[in-house]
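In: predicted model and sequence below, questions to follow.
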Amino acid sequence: QLQLQESGPGLVKPSETLSLTCTVSGGSISSSTYYWGWIRQPPGKGLEWIGSIYYRGSTYYNPSLKSRVTISVDTSKNQFSLKLSSVTAADTDVYYCARLRSSDWYSDLWGRGTLVTVSS
Amino acid sequence: QTVVTQEPSFSVSPGGTVTLTCGLSSGSVSTSYYPSWYRQTPGQAPRTLIYSTNSRSSGVPDRFFGSILGNKAALTITGAQADDESDYYCMLYMGSGIVVFGGGTKLTVL
């Protein structure tokens, strides 16, 4: 059964770059059926889509975050990654990776999420 | 920027029926937005309930029903149970690979 697992530092300093990786296990990231995405959620608040990537590298980003976000894919490692630059305390969130079906544009599989705190 | 709107909170009696909605700050939701619905309990990742307006995700009971009602997407829950008490989020496809979540509805069963 395919699973997603987020990994990366749980603490990032203000103005630095947040970096997370999502490892896909039990299946291949190189599927034409899916995009792979990042979603975040401030503690106690709602979900915000950050962006998505296709295994061939095409990306889509939330316009409000686009200037600070880079999502990349490494098919050899079955992973995709998120970089968010110039972070502030407002970027303290639970970050989820997810699989999105490209035919219906919905997330059918989620990672467990990882809390990233921005603090000095 | 278009905002996806949801009721902040809703309550339903056990065994009752509730309809949550998902709208746009400007315009109407149609099937072309591929509305999907997710349920989330505290500390857990969201779980997919409905996709493409009215298709139930695997394992979701038929008490959960998605539709378009007027100019909004809707999630109807029948026979509400205590463990339906969760946060419910809709997500809409805006085109060009961009999706947007609604602000979520906190459903109370009491």
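Out: Noted; the coordinates are in hand. Only a predicted model underlies this, so the values are computations on that prediction, with no experimental measurement involved.
In: show me what from chain B comes close to chain A.
Out: Residues of chain B lying close to chain A (C-beta under 8 Å from any C-beta of the partner chain) are B:1, B:34, B:36, B:38, B:40, B:45-48, B:51-52, B:55, B:57, B:89, B:91, B:93, B:96-104. The C-beta positions use only the backbone N, C-alpha and C, and glycine is treated the same way.
In: taking these, please make a PyMOL selection of just the buried ones.
Out: In PyMOL syntax, the buried subset of the residues of chain B next to chain A is picked out as below (16 or more other C-beta atoms under 10 Å in any protein chain shown):
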select buried, chain B and resi 34+36+38+40+45+46+47+48+51+52+57+89+91+93+97+98+99+100+101+102+103+104
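In: so for chain A, the centremost residue is which one?
Out: The residue lying closest to the centre of chain A (C-alpha atoms, centre = their mean) is residue A:38, at 2.7 Å.
In: what's near enough to touch residue B:33?
Out: Residues in contact with residue B:33, defined by C-beta atoms under 8 Å, 6 or more residues apart in numbering or on different chains, are B:73, B:92-94.
In: nope, residue B:25 is what I was after
Out: Counting by C-beta under 8 Å, 6+ apart, residue B:25 makes contact with B:2-5.
In: out of those, give me the one that has the most neighbours.
Out: Scoring those on neighbours with other C-beta atoms under 10 Å in any protein chain shown, the highest-scoring entry is residue B:4 at 23 neighbours.
In: who does it bridge with?
Out: residue B:24 (DSSP bridges).
In: same deal with the one 5 residues further on?
Out: Listed beta-bridge partners, residue B:9: residue B:106 (assigned using DSSP bridges).
In: hmm, residue B:104 and it touching each other?
Out: No - assessed by C-beta atoms under 8 Å, residue B:9 is found out of contact with residue B:104, at 9.5 Å.
In: grab the nearest non-local neighbour of the closest residue to chain B within chain A.
Out: Nearest residue of chain A to chain B (C-beta to the nearest C-beta) works out as residue A:60 at 3.1 Å. Among residues not flanking residue A:60 along the chain, residue B:97 sits closest, at 3.1 Å (C-beta to C-beta, 6 or more residues apart in numbering or on different chains).
In: may I ask you to confirm that the one you found is in contact with residue A:66?
Out: No - Residue B:97 lies out of contact with residue A:66 (C-beta under 8 Å); the separation is 11.9 Å.
In: what about stretch B:100-110, start to end distance?
Out: One end of stretch B:100-110 sits 30 Å from the other (C-alpha to C-alpha, to the nearest Å).
In: what packs against the longest strand along chain B?
Out: If you go by DSSP state E, chain B has its longest strand at strand B:87-95. Of the remaining helices and strands, those touching strand B:87-95 by 3 or more C-beta pairs under 8 Å, 6 or more residues apart in numbering or on different chains; DSSP states H and E are strand B:4-6, strand B:18-24, strand B:36-40, strand B:72-77, strand B:98-101, strand B:105-109.
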